[in-house]
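S.K.: Got a predicted structure plus its sequence, pasted below:
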Amino acid sequence: MIKRIIAGLLTLVIITHFVARADEGMWIPLLLEKYNISIMQENGFKLTAEDIYSINQACMKDAVVNFGGCTAELISGEGLIITNHHCGEGRIRAHSTVENDYLTNGFWAMSRDEELPNPGLRVSILIRMEDVTDEILNVLDDGMDEKTRQEAIRNTSNELVAEATRETHYTANIRPFYLGNQYFLFVNEVFYDVRLVGAPPAAIGSFGGDTDNWMWPRHTGDFSLFRIYAGQDNMPAPYSAENVPYKPKKFFPISLKGVQEDDFTMVFGYPGSTFEYKPSFHLEMLSRHINPEFIKVRGKKIEIIDAAMNQSPKIRIQYTSKASGISNSWKRWIGETKGLEKLDAIAKKKKFEEAFQEWADADEARKKAYGDILSQYEKIYEQLTDYTFLDNYYNETFFRRGIEVVSFAGQFVSLADLVDSDAADEEIGNAVERLTSQTERFFNDYDKPTDQKLFVALLTLFSENVTPEYQPESVKQANQKYSGDFNGYADWFYKKTIFADQQQVLDFLASFTAKKAKKILKDPACQLFMEASMIDVLQILPEYNKLNEDLRKLDRIYMKAQMEFQSEKVFYPDANSTLRVTYGKVKGYYPRDAEYFLHYTTLGGIIEKDNPEIYDYDVPDKLKELYRARDYGRYGENNQMHVCFIATNHTTGGNSGSPVINAEGHLIGVNFDRAWEGVMSDLMYNPEKCRNISLDIRFALFIIDKFAGAGYLLEEMELVE
């Protein structure tokens with residue numbers, strides 16, 4: 001007891017005992033020497049912490065790339081990077097047409113001149129990170145409310161960022177760790193000229209589609225290749241034909257040795273978000289209230305979009321990225337809910353909370369500081385569940401990946417506002433020009449019949465599950481007029497609105513005058529958007545934001561309390577889209593009773609799944625020929641071509657595309673997914689079920705060389721036999 005009381009008075013990061021699993025955690029690279037490197041080496045790692053992160057010498061961090069919400073890695077001294085196919089899919093799709101369908105057929109640049117530029121794509125490489133906790137906490141005091149506290153943090157962060165980037169071309173940002181108990185500064189170098197080099201056809205790069213997503217065994221060749229270009233001085237520069245391939249400080253050598261069960265592995269990347277330290281009430285909210293409802297909503301969207309994609313190559317190109325984004329969360333929510341139930345996660349959390357409460361109540365100082373945390377949580381989550389439900393329904397229906405014509409029309413409200421506020425002609429003209437560009441982009445990826453079907457399905461679910469007091473007036477009136485059948489309303493709506501027809505919108509903008517501004521507001525799509533926005537802004541978001549603000553403060557205190565309660569444990573911070581290291585072992589697992597999954601899959605499994613009638617399983621003839629001939633070159637193993645493997649690394653969204661590294665620091669794979677039985681690892685890690693899924697790098701090399709005939713790319717790589 002005395003030991004715990006003393007430990008509670010220490011600062012959060014001064015922790016002397018390491019009690020942490022080798023296969024759990026997303027660790028801060030800067031602190032590996034202090035907390036992790038010895039256990040990594042005990043598990044087989046043959047290098048040092050300085051080889052992973054250093055500001056004094058080239059190291060692995062210099063070869064890891066933040067790729068627009070995913071991760072990528074440098075694999076040559078000529079700026080070549082590899083990431084997932086699904087991470088590059090948006091760019092591949094943008095270059096695709098019905099005549100040149102790179103999504104379906106693949107793309108391979110056979111020379112530097114054929115590499116395709118990607119306007120707007122930016123990638124970054126971490127230069128350094130720095131603990132700035134003292135600088136941030138010094139401007140805070142316990143008497144601040146959350147709004148004042150956040151403003152003080154923001155102002156101090158801006159000063160620190162300005163100082164860190166002064167007289168450099170770098171960018172920087174500061175992120176909270178341990179739910180606001182610690183802060184780090186990240187300085188990055190951003191590159192603006194990134195070109196598509198190669199991507200396998202969808203029947204390889206996204207083989208198995210939504211059916212296989214989140215599943216093991218997996219047979220997906222989920223990779224694509226890009227190249228970073230820089231100016232003649234090797235500095236970041238806007239796209240120019242004069243730019244040259246970037247010369248990195250470090251790139252990963254590629255191992256041809258493959259993996260064996262129990263081999264050490266390390267994943268180095270940018271995991272998005274996890275919630276390991278939330279109370280049981282959070283798990284209850286998700287698994288019993290939020291996930292079940294929005295699994296139904298997303299399921300209906302997938303049903304409609306998949307049917308449209310299967311009927312039209314054009315719609316497949318338009319909706320592939322949208323469908324992937326919708327289905328990814330849908331299937332994860334299903335697996336997460338099942339996984340939490342199997343793990344009995346809520347009961348485990350409650351048991352921990354009982355012990356925590358007993359500890360807090362045993363000391364007057366602790367009782368005053370922490371004694372009512374759990375009861376406060378309970379009150380907040382009672383209300384937050386309802387408002388989270390409403391907020392999600394509005395986003396899923398009107399604002400994000402919902403009825404597209406409504407969210408598109410909403411972009412034009414600002415134009416009417418400019419006219420109403422007597423804005424200058426130049427400002428209005430700029431808005432018209434911007435909206436004209438947005439219109440062209442929108443209709444490149446829009447199909448009116450598909451959107452109309454989504455309109456009917458989503459409004460039906462919305463009207464059935466959202467109470468009338470939170471429904472837009474147009475929805476309530478249509479529900480009454482058409483007796484709950486939204487098909488009639490949809491027919492009228494899509495005939496009346498201009499925003500479902502590209503030419504009507506362009507004509508309206510081309511002849512726009514101030515007098516026409518009222519036409520925007522009278523359009524049914526704009527009206528529905530404004531009605532939904534008013535309810536969201538006035539009735540939902542104020543309470544939702546206030547509750548989350550209260551929760552943020554409580555989370556910060558509870559995180560600190562947990563670290564005092566378990567004073568002998570080293571806590572890893574939740575993922576927050578910053579560079580992290582996770583490590584584990586290559587290992588199979590038992591998904592259920594009497595069934596065992598091996599740690600790898602082979603090309604033979606792809607051939608077994610071949611089905612020319614299903615887009616996602618239509619194996620290319622060339623790949624079947626290579627299989628029949630067993631023509632695997634130097635990439636095969638025991639007359640087999642390995643495709644994917646699994647390990648116990650703790651990963652999440654954002655780790656897509658991350659390098660998977662062996663004990664010698666060589667690239668052995670590209671991380672792209674997690675096994676379905678373990679996707680609840682964002683909330684609670686289960687070492688028996690949690691497995692990250694990676695592409696065997698040898699399969700990528702095999703596809704590049706033997707399948708695509710782009711073996712020249714391997715000449716710039718460092719291959720280790």
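M.R.: That came through, no problem. Numbering: from 1, shown residues only.
S.K.: can you give me the helices for the stretch 551-700 of the chain?
M.R.: 603-609, 621-629, 697-702 (DSSP state H, counting those that start in this stretch).
S.K.: Quick one: closest of those to A162.
M.R.: helix 697-702 (40.7 Å; C-beta to C-beta). Yep, even glycine has a C-beta here, placed from its N, CA and C like the rest.
S.K.: Can you name every helix or strand that the closest one contacts?
M.R.: Secondary-structure packing of helix 697-702 (3 or more C-beta pairs under 8 Å, 6 or more residues apart in numbering; DSSP states H and E): strand 254-255, strand 642-647, strand 667-674.
S.K.: For I295, which of those is the nearest?
M.R.: Proximity to I295 (C-beta to C-beta) singles out strand 667-674 among the helices and strands packed on helix 697-702, at 17.7 Å.
S.K.: if I read this right, V413 contacts C526, doesn't it?
M.R.: Yes: taking C-beta atoms under 8 Å as the definition, V413 is a contact partner of C526 at 6.3 Å.
S.K.: Neighbour count for these two, which is higher?
M.R.: Regarding V413 and C526, a neighbour count based on other C-beta atoms under 10 Å identifies C526 as having more, with 23 against 15.
S.K.: Phi, psi for that one please.
M.R.: phi -70, psi -40 (degrees, to the nearest 10).
S.K.: go on, I498?
M.R.: Phi and psi for I498, reported as degrees, to the nearest 10, are phi -90, psi -20.
S.K.: Quick one: neighbours of it, just the number.
M.R.: Other residues within reach of I498, judged by other C-beta under 10 Å, total 21.
S.K.: what element comes up after the longest helix along the chain heading to the C-terminus?
M.R.: If you go by DSSP state H, the chain has its longest helix at helix 313-343. Downstream of helix 313-343, the first helix or strand assigned by DSSP states H and E is helix 345-361.
S.K.: average pLDDT for that next one?
M.R.: For helix 345-361, the mean per-residue pLDDT is 98.
S.K.: Show me how far the following helix or strand past that helix is from its chain's centre.
M.R.: Counting by DSSP H and E, the element after helix 345-361 in chain order, helix or strand, is helix 364-370. With C-alpha atoms, centre = their mean, to the nearest Å as the basis, helix 364-370 stands 38 Å off its chain's centre.
S.K.: What of stretch 175-189?
M.R.: Worked out by C-alpha atoms, centre = their mean, stretch 175-189 lies 19 Å from the chain centre.
S.K.: Now do it: distance from first to last residue.
M.R.: 17 Å (C-alpha to C-alpha, to the nearest Å).
S.K.: Same check on stretch 558-578?
M.R.: Start and end residues of stretch 558-578 are separated by 22 Å (C-alpha to C-alpha).
S.K.: Could you do stretch 407-415 as well?
M.R.: 15 Å.
S.K.: For it, buried residues please.
M.R.: Residues of stretch 407-415 classed as buried by neighbour count (16 or more other C-beta atoms under 10 Å): S407, F408, A409, G410, Q411, F412, L415.
S.K.: who's in contact with it?
M.R.: 398-400, 428, 431-432, 435, 438, 442, 446, 497, 499, 512, 517, 520-521, 523, 525-526, 528-530, 533 (C-beta atoms under 8 Å, 6 or more residues apart in numbering).
S.K.: Return the members of the residues you listed classed as buried.
M.R.: Buried positions within these, assessed by neighbour count (16+ other C-beta under 10 Å), are 398-399, 428, 431-432, 435, 442, 446, 497, 499, 512, 517, 520, 523, 525-526, 528-530, 533.
S.K.: worst-scoring helix or strand of this protein, pLDDT-wise?
M.R.: helix 2-8 (a mean of 36; mean pLDDT, DSSP states H and E).
S.K.: packing partners for the next helix or strand after that helix?
M.R.: Following helix 2-8 in sequence order, the next helix or strand is helix 32-35 (DSSP H and E). Counting contacts by 3+ C-beta pairs under 8 Å, 6+ apart, helix 32-35 packs against helix 49-52.
S.K.: Show me what the helix it packs on is in contact with.
M.R.: In contact with helix 49-52 (C-beta under 8 Å, 6+ apart) are residues 29, 32-33, 36-37, 56-57, 59-61, 266, 268, 581, 665.
S.K.: Spatially, which two of those are the most separated?
M.R.: Largest separation among these by C-beta to C-beta: N56 and M266, giving 20.8 Å.
S.K.: More neighbours: which of the two?
M.R.: Under the criterion of other C-beta under 10 Å, the comparison of N56 against M266 puts M266 first, with 24 against 6.
S.K.: Surely the more buried one and S658 touch.
M.R.: No: the pair formed by M266 and S658 falls short of the contact definition of C-beta under 8 Å, at 9.7 Å.
S.K.: separation between A710 and N328?
M.R.: 29 Å (C-beta to C-beta, to the nearest Å).
S.K.: isn't S656 right next to T71, touching?
M.R.: Yes: counting by C-beta under 8 Å, S656 touches T71, with 6.7 Å between them.
S.K.: Can you work out which residues contact both of the two?
M.R.: What both S656 and T71 touch, as defined by C-beta under 8 Å, 6+ apart, is the set T83, N671.
S.K.: Filter the contacts of stretch 407-415 down to the ones in strands?
M.R.: Judged by DSSP state E, strands contain none of the contacts of stretch 407-415.
S.K.: any chance you could map the helices in the stretch 51-200 of the chain?
M.R.: If you assign secondary structure with DSSP H, counting those that start in this stretch, the helices in the stretch 51-200 of the chain sit at 85-94, 102-105, 133-137, 146-165.
S.K.: typo on my end, it should be the stretch 401-550 of the chain
M.R.: Under DSSP H, counting those that start in this stretch, the stretch 401-550 of the chain gives helices at 404-410, 413-420, 425-444, 448-465, 473-481, 486-496, 502-510, 517-522, 524-535, 541-565.
S.K.: I'd like to check the angle between the second one and helix 425-444, please.
M.R.: With axes from the mean of the first three to the mean of the last three C-alpha atoms, to 10 degrees as the criterion, the two stretches helix 413-420 and helix 425-444 enclose an angle of 160 degrees.
S.K.: Between helix 524-535 and helix 413-420, find me the angle.
M.R.: Using the same axes, to 10 degrees: helix 413-420 against helix 524-535 is 90 degrees.
S.K.: Hey, what's the angle from helix 413-420 to helix 502-510? Just curious.
M.R.: 20 degrees.
S.K.: V456: which of the helices of the stretch 51-200 of the chain is closest?
M.R.: When the helices of the stretch 51-200 of the chain are compared by C-beta to C-beta, helix 85-94 sits nearest V456, at 26.5 Å.
S.K.: With only the CA atoms kept, save that closest one in PDB.
M.R.: Listed next in PDB are the C-alpha coordinates belonging to helix 85-94 (Å, rounded to 0.1, in the frame of the first residue of the first chain):
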ATOM      1  CA  HIS A  85      -3.400  -1.300 -52.700                       C
ATOM      2  CA  HIS A  86      -6.300  -0.100 -50.600                       C
ATOM      3  CA  CYS A  87      -4.300   2.900 -49.500                       C
ATOM      4  CA  GLY A  88      -3.400   3.800 -53.100                       C
ATOM      5  CA  GLU A  89      -6.800   2.800 -54.400                       C
ATOM      6  CA  GLY A  90      -8.200   6.400 -54.500                       C
ATOM      7  CA  ARG A  91      -5.300   7.500 -56.700                       C
ATOM      8  CA  ILE A  92      -5.500   4.400 -58.900                       C
ATOM      9  CA  ARG A  93      -9.200   5.000 -59.300                       C
ATOM     10  CA  ALA A  94      -8.600   8.700 -60.200                       C
END
